[in-house]
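J.: 3D, please:
(one chain, ligands or ions: 1)
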Amino acid sequence: MPLSTDLKPLNIKDVLEATGMRGKSMIFLDDWSREQLGTLFEAAKLLEPYSRARLDLLKGKVLYTLFFQPSTRTRCSHEAAMLRMGGGVITETDPLHNSAMAKNESLYDSIRVISQYADVLVLRHGDSDAVFAAIDRLGPHACPIISGAFGHVTHPTQGLLDMYTAYRVVDKPFTDMRIIISTPDLSRARSGQSFALGAARMGAHIIYTGASELRTPQVMIDKLKAMGASYEEHFDLDKKGNIALMEKADLLYLPGSSLKKEDPNREDFMRKVANHHFTLDDLQGIKRKTGRAVGIMHSLPRNDFEFDQAIDNSEFELYFKQIGYSVPLRMALLGAICGVN
Ligand code: CP
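T.: Modelled structure (predicted):
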């Protein structure tokens, strides 16, 4: 009997091309189909063995990282991914002092210029409206742009690496997963919102739990509704209420606290954080009751008041595993967008 053509070995170049992402920007995860995202994860899995080695698929390509806000993970893992793929990197971490933006050059002009040096740009900026206005005006005059987080609304590659972690560690398809996004401040949770949007696109059920006065931005709710996402929202639950949600979930995502030290609402916020603070004991108790381990995800960096750091060395920890999965995922993303020949 002849072998089915489906059984031929996967070729990483073909898989990257099959994502349909070549030459495109990465801004919101609902811009992509379930099939495209699934193909990207397949590519990332093929690239995992090279994420601590080298595979020269992007030799000659240049990545420019332009960061208006601080970053360790997002910038360095994109840069590591490009270097592992054999490409080069130009880094700008303080554009308002080091670049021509110190001489009042506009964001539009800066990106239009950078696009003549680079094959792909990773941009982090605090003002999403300013970025969207510049991107609209740039039209075809910009290289592909990967959002390294814009304002409070989108951090798509964080969402992608979170989804890839779920894909690799949860022993069920996205369509059977139940994922909690838990924080007192859903309004500024760009990591959790991006993960929720992408996981919902893959068919997961999303459970939001937060404070009623700091809800998910309307733009995200509109996107979830437009894609027919399965989601529920809970507000002002006490710790017991949040534990009850966890008993029916596979993953608990803590997007990190947006609280500034000088915030006048700090006391009130800290009271609310306590309802979203989980300990190793809590997780062990849930496992004894349900027989299942709830994986704890966090975008990092973390504050020590956010969750019990005894979880670090337990079976529930996924937040450092997320970091490990971020490099092959971003290698796949850069390969898919830049295109490999
Ligand atoms: N998770 C995340 O975005 O971390 P950085 O701010 O270090 O990039």
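
J.: so what's residue 293 up against?
T.: Residues in contact with residue 293 (C-beta atoms under 8 Å, 6 or more residues apart in numbering) are 283, 287, 315-316. Every residue, glycine included, has its C-beta placed from N, CA and C.

J.: Mind giving me the PyMOL select for those, buried ones only?
T.: Applying 16 or more other C-beta atoms under 10 Å to those, the buried members can be selected in PyMOL as follows:
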select buried, resi 283+316
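
J.: So which of the contacts of residue 293 sit within helices?
T.: Among the contacts of residue 293, the members falling in helices (DSSP state H) are 283, 287.

J.: of the contacts of residue 293, list those near the ligand.
T.: Taking C-beta under 6 Å from any ligand atom as the test, the ligand is in contact with none of the contacts of residue 293.

J.: out of the contacts of residue 293, who's nearest the ligand?
T.: residue 316 (19.2 Å; C-beta to the nearest ligand atom).

J.: Tell me if the one helix or strand residue 333 maps to is near the ligand.
T.: Assigned by DSSP states H and E, residue 333 belongs to helix 319-338. No. Using C-beta under 6 Å from any ligand atom, we find that helix 319-338 stays clear of the ligand, coming within 8.5 Å at best.

J.: State the pLDDT value of the spatially most central residue of the chain.
T.: Of all residues in the chain, the one closest to the mean position by C-alpha atoms, centre = their mean is residue 158, 1.5 Å from it. The confidence metric pLDDT takes the value 98 at residue 158.

J.: sec struct for the closest residue to it other than its chain neighbours, please.
T.: Distances taken as C-beta to C-beta, 6 or more residues apart in numbering put residue 191 closest to residue 158, at 4.6 Å, once the chain neighbours are dropped. Under DSSP: H, G, I helix; E, B strand; the rest coil, residue 191 falls in the helix class.

J.: Do I have it right that residue 191 meets residue 162?
T.: Yes. With contacts counted by C-beta atoms under 8 Å, residue 191 reaches residue 162, the gap being 7.4 Å.

J.: Residues that sit against both of those two, list them.
T.: residue 299.

J.: out of the two, which sits in the busier spot?
T.: residue 162 (31 against 25; other C-beta atoms under 10 Å).

J.: Of the contacts of residue 293, which is the nearest to residue 297?
T.: Distance to residue 297, by C-beta to C-beta, is smallest for residue 316 among the contacts of residue 293, at 10.0 Å.

J.: residues contacting the closest one?
T.: So residue 316 contacts 280, 283, 293-296 (C-beta under 8 Å, 6+ apart).

J.: same thing but 7 Å
T.: Listed by C-beta atoms under 7 Å, 6 or more residues apart in numbering, the contact partners of residue 316 are 283, 293-296.

J.: Tell me the pLDDT of it.
T.: At residue 316, pLDDT is 98.

J.: do the same with residue 54
T.: Value listed for residue 54 in the pLDDT field: 94.

J.: and the one helix or strand in the chain whose mean pLDDT sits lowest, which residues are buried?
T.: The helix or strand of the chain with the lowest confidence, counting by mean pLDDT, DSSP states H and E, is helix 266-273 at a mean of 83. Counting neighbours by 16+ other C-beta under 10 Å, one finds that the buried residues in helix 266-273 are 269, 272-273.

J.: restrict those to those near the ligand?
T.: Among the buried residues of helix 266-273, no residue sits close to the ligand (C-beta under 6 Å from any ligand atom).

J.: Name the residues of the stretch 101-250 of the chain found near the ligand, please.
T.: So the stretch 101-250 of the chain meets the ligand at 158, 191 (C-beta under 6 Å from any ligand atom).
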